[in-house]
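Visitor: mind looking at a prediction? Sequence and model below.
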Amino acid sequence: MKKHFQRGNMSFFEKFLALDFLLIFFILSLGVVSFFAMYSTEQGNFGYYTNSHIYRFIIFFVLFLGVSFLKIKFFHKSAYIFYFIVLILLIAVNIFGISSSGSKRWINLFFINLQPSELMKVALIIFLARYYYKIPSKSISKVKHIMIPFFALLLPVFLVGSQPDLGTSLLILIGGVAVIWLAGLRIKFFFYSFFMLIFLTPVGIAFLKPYQKERVLTFLNPENDPLGAGYQIIQSKIAIGSGGIFGKGFLQGSQSYLDYLPEKHTDFIFTLFSEEFGFIGSLLLLLIYVMIIYRVTAIGYKSRSNFARLYCFGFATAFFIYVTVNMSMVLGLLPIVGAPLPIMSYGGSSMLSIMLGLGIVMSCKIHQQEETT
Amino acid sequence: MLGFSETFQNKSTLISRRMFILSSLKVAVFIGIISRLFYLQISENIKWRSLSDKNRLREWKISPERGTIRDYFGNELAKNNQVFQLHMIPEDVPNLEKLFFKLSRIIDFNKTKQSKIIKRLKKRKPWETIIISDNLSWREFTRINLFLHEIQGIKPVVSLARRYADEGSSAHVIGYVSDTSVKDLENSKFLRDINIPGLKVGKTGIEKVLNEAMIGKPGLQRFEVNAYGKRIKELKLVKGVKGKDFNVTIDQEVQKTASKALEDKKYSGSICVMDIFTGDIVSMVSAPTFDANKFVHGISYEDWEILIKNKKKPLINKCLAGLYPPGSTIKPVVALSALENDVISPKFVVECKGSVDRYDQTYHCWKEKGHGLMNLRNAIKQSCDVYFYEISRRLGIDRLALTSKRFGLGQPALNIFNEERAGIVPNTEWKLKIIGKPWYIGETLISGIGQGYFLSSPVQLCLMMAQFANGGYKIKPRIVDDRYALQETINLWRKEFNLINKKLDLPNPGLEKLYRNKENIKFVLDSLYGATNEPRGTSYRSRLKKPGYIFAGKTGTSQIQRITQEERKLKLKNEDLPYEKRDHSLFIGFAPYKNPRYAISVIIEHGGAGSTGAAPIAKKILKKVLDRHLLRKKNQLDLFQEV
């Protein structure tokens, strides 16, 4: 029995056959869709953004496959190390980081400008999955089992928030909280934290930068200042709304073509897509995301190892949060906080983080029969 | 081991159960996002689509071509010429200083012009075209095209601009166009409504009167613009419709002659010629004149200063806006009023001793020695002031005012021009109301020779003369040619002539008679014949002898100020006085004497006596008008009959 469970070394061919081809198909589809969207942001030219987006996707896709073939035990063992490396990078950013438009987010690693906060999204999930996988449900709510994840969560949230990068900080926080809840922490603790959050909100607001306060206020009433802070939300809604059922057509999005859309390469890429491909196109894109989340969840469900299961569920949830926060943002349902749309948005670190995360998921799939202990 | 495995099992069930709850939540959120998409893209699609179009589409109105103004014979008085303009697109200019330096060597582009452009540049977006010069000469234009490869950001453009007849004889009556001002917009709802940027609007004269009709329908250019307002591409071009063309009743040839006659003698004055039946203004000239073309592209400060500082006021249309005491030219009205009111008969005699004492005042005749015994005809012919003191004393100011007003004094004659002034016909009521003092009888006396409060414009005097000459019928002067209305007027007169020829005294609705007894009108006209064509008549020296050219008229010399006793003793001649104090010289008349057709008024500011200043000019003009009568007649039915 033990032998059966711990069939240690699979051949390369066996591993290849064990790949989740459906997931690969959807990832590739998303990649192709993102090429078209990026091509459209440059008015139908293979400009700088389109080219580097394509190159990055190809490189990171190869990385994704490579990561898939690594044993799940490897990630299990190196989870803490990975987390601490990223944490050190985050601290390094606060000291040596590259400043751009008022915030320090990037670190120069000589061959690449890396945004460690993006990597932290995955690192934290692995860390928490590693921490929780063997703690029995009963003892999860003990103080010592609360304190470690609490600090492991809040330290990066604080570091990223102070860059300042409120969006990523919140995404890390929500993703981490979701994993903690999945691990089995009792619901009452979440209520406690929630009430504490409410009490702490006024204090938190005092720490917000003026532009962050403005964003929240603008979200509450964008028409107040249509040319200033509310401009992005209004223009985004105009673009999406004017797309209609079938959209204005590929390369025909007037809002983006004529520069009315802000940040169309990054946070507002969905707006551009939705303007050009309309309601139907948006639904199809949404379907791809849903299918990716579904496949990741299904892989987690079939994994024997609780580490793998917790990781997959955690990643699926985080992925879901990134997608929905970005979409809600551009649809005017949430304030503009700066959250990229996975794979679609331009940005190396974000794509690296997502592809790495998906690679680990795929590794869970290939090695789904393996226990990690 | 098994226990541990069981906890594991329990744990994985717990995780899976929680994941199931989370997944349901995810589905709910996705449904929420889909509903939002549905709401924006399908339910509210029209709203957002129109907002998107509002974002990306901008429309620019294009000024339509302005209507042309032609004279009675179709000669263009105001037309639209091709002009050569130089446009600059600031964002395409690599180095502004270099460009300006190069331009200054190719065209007339001095430092003041350069600093003006730089000032304007600051207020504009870098992609908005700026006009560097809107009226290049052909030479400059070709030079620019030759050097075009050396200068970036510059675009030579062929456009249309208003062009007025060069000799300037019609500058006052036609007026000019210029850029729309804030005041124009405030005053005109029409201009606010059509709202065309860069539209030229009529500022004075006919250009202003017919402004709205001549503007036409604006064209439209629809562009797609980006978020910064830069035009990306043209989507639609609708050409404008040219404004209506108009003919005026003016004869350009007569205008030229009239203007030249005044300009040659450096006179400041005006000439008005009118068709006595139709009321058509054949000529309306004011001197000195100015170059209306200078205003089209915005007059330069230097040119403006010259015009404004000129004491002869070249910008004012003196025919309409110049008000003068009518002087002796009022005498036909005084005579008619006295006859019509049976105050005197033509045989009434007064002895002129050069002056007369009345009401503790001495009233002088222009002829110091006196005219001797005068009857009415001689008094008109020789313009005896003492005679007219007496009959106006007997007539009274109120009756005189009534007749004057009936013949068109004291009210705008054309009543379409902004610049036209009404003048003053005083009476007792007027004085009490406006000046606040009762009327003195002495004032009646000087009113009788057209001095005192009396003020009238040249066009009013011309109208008055015309209404005598046509036999005492009211006419409505007009300057915009309307052949349809002309035909109606002609039909009315034809009917009237038929009635007269058949000696029928039947009413002819449409033609108002201004007299009570026809003989009185005839008497005055005959007296005016005497004034011009008989020895001792005031304008005898200016008469035309050629049959068919014989005219009749009345001179006038109106004093600017009261002549003091000392001045009278000094016997100062008019030429010795400073320019501003010299008398105005006036002449009104009609021609030909038999079968009259045209009336004229000539006023020369500070031109001395009517007989020496105005009458010789009138002779010249009338000759020209009569020379051209046959030509003019071809354009209308013949009315040339005896009244």
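Guide: Perfect, I can see it now.
Visitor: where does chain A dip in pLDDT?
Guide: In the prediction, chain A carries residues with pLDDT under 70 at positions A:1-8, A:101-102, A:111, A:215-229, A:372-373.
Visitor: longest helix in it, by number of residues?
Guide: In chain A, with assignment by DSSP state H, the single longest helix is helix A:269-302.
Visitor: tell me what it is packed against?
Guide: Helices and strands touching helix A:269-302, as assessed by 3 or more Cβ pairs under 8 Å, 6 or more residues apart in numbering or on different chains; DSSP states H and E, comprise helix A:21-41, helix A:231-243, helix A:254-257, helix A:306-330, helix A:348-366, helix B:2-38. (Each C-beta comes from the backbone N, C-alpha and C, glycine too.)
Visitor: next, report how far the second one is displaced from the centre of its chain.
Guide: The chain centroid and the centroid of helix A:231-243 are separated by 24 Å, computed with Cα atoms, centre = their mean, to the nearest Å.
Visitor: which one of the helices and strands packed on helix A:269-302 lies closest to residue B:185?
Guide: Counting by Cβ to Cβ, residue B:185 lies closest to helix A:231-243 out of the helices and strands packed on helix A:269-302; the figure is 31.7 Å.
Visitor: ok, and what's touching stretch B:273-280?
Guide: Where contact means Cβ atoms under 8 Å, 6 or more residues apart in numbering or on different chains, the residues beyond stretch B:273-280 that reach it are B:72, B:249, B:254, B:258, B:281-284, B:462-463, B:465-467, B:469-470, B:475-479, B:481, B:486, B:489-490, B:493, B:590, B:596-600, B:621-622, B:625, B:636, B:639.
Visitor: repeat that for 7 Å
Guide: Counting contacts by Cβ atoms under 7 Å, 6 or more residues apart in numbering or on different chains, the residues outside stretch B:273-280 that touch it are B:249, B:254, B:281-283, B:462-463, B:466, B:469-470, B:475-478, B:486, B:489, B:493, B:590, B:596-600, B:621, B:625, B:639.
Visitor: then stretch B:157-166?
Guide: Among residues not part of stretch B:157-166, those counted as contacts by Cβ under 7 Å, 6+ apart are B:65-66, B:77-85, B:87, B:135, B:171, B:174, B:176-177, B:200, B:252, B:292-293, B:296.
Visitor: dump that stretch to PDB, keeping only the CA atoms.
Guide: Extracted C-alpha coordinates of stretch B:157-166, given in PDB (Å, rounded to 0.1, in the frame of the first residue of the first chain):
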ATOM      1  CA  VAL B 157      -3.100  78.100 -48.100                       C
ATOM      2  CA  VAL B 158      -5.400  79.600 -50.700                       C
ATOM      3  CA  SER B 159      -8.600  80.900 -49.100                       C
ATOM      4  CA  LEU B 160     -11.400  83.400 -49.800                       C
ATOM      5  CA  ALA B 161     -11.600  86.900 -48.400                       C
ATOM      6  CA  ARG B 162     -13.800  89.900 -48.900                       C
ATOM      7  CA  ARG B 163     -12.500  92.400 -51.500                       C
ATOM      8  CA  TYR B 164     -14.000  95.800 -52.000                       C
ATOM      9  CA  ALA B 165     -13.800  97.900 -55.100                       C
ATOM     10  CA  ASP B 166     -10.400  99.600 -55.000                       C
END
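Visitor: counting neighbours, which bits of it end up buried?
Guide: Of the residues in stretch B:157-166, B:161-165 count as buried by neighbour count, 16 or more other Cβ atoms under 10 Å in any protein chain shown.
Visitor: for the closest residue to residue B:23 other than its chain neighbours, give its distance to residue A:26.
Guide: Here the nearest residue to residue B:23 in space, its sequence neighbours aside, is residue A:297; by Cβ to Cβ, 6 or more residues apart in numbering or on different chains that works out to 6.5 Å. Here the distance between residue A:297 and residue A:26 works out to 13 Å (Cβ to Cβ, to the nearest Å).
Visitor: when the two are compared, which one has more neighbours?
Guide: Residue environment comparison for residue A:297 versus residue A:26 gives the larger neighbour count to residue A:297, 25 against 20, counting by other Cβ atoms under 10 Å in any protein chain shown.
Visitor: contacting residues around that one?
Guide: Under the criterion of Cβ under 7 Å, 6+ apart, the neighbours of residue A:297 are A:312-313, A:316, B:19, B:23.
Visitor: for residue B:98, state which of these is nearest.
Guide: Taking Cβ to Cβ as the measure, residue B:98 sits nearest to residue A:316 out of these, at 63.6 Å.
Visitor: near chain A, which residues of chain B?
Guide: Remark: the part of chain B in contact with chain A comprises B:7-8, B:10-12, B:14-16, B:18-19, B:22-23, B:26, B:29-30, B:33-34, B:36-38, B:40-42, B:44-45, B:47-49, B:51-52, B:55-56, B:224-228, B:232, using Cβ under 7 Å from any Cβ of the partner chain.
Visitor: so which two of the buried residues of stretch B:157-166 are the farthest from each other?
Guide: Pairwise distances across the buried residues of stretch B:157-166 peak at 14.6 Å for B:161 and B:165 (criterion: Cβ to Cβ).
Visitor: the residue in the stretch 251-400 of chain B that chain A sits nearest to: how many residues sit nearby?
Guide: The stretch 251-400 of chain B approaches chain A most closely through residue B:298 (34.1 Å), counting by Cβ to the nearest Cβ. As a burial measure, the neighbour count of residue B:298 was computed by other Cβ under 10 Å and equals 11.
Visitor: then residue B:148?
Guide: Residues near residue B:148, counting by other Cβ under 10 Å, number 13.
Visitor: surely residue B:250 is within a strand?
Guide: No - checked against DSSP: H, G, I helix; E, B strand; the rest coil, residue B:250 lies outside a strand; its state is coil.
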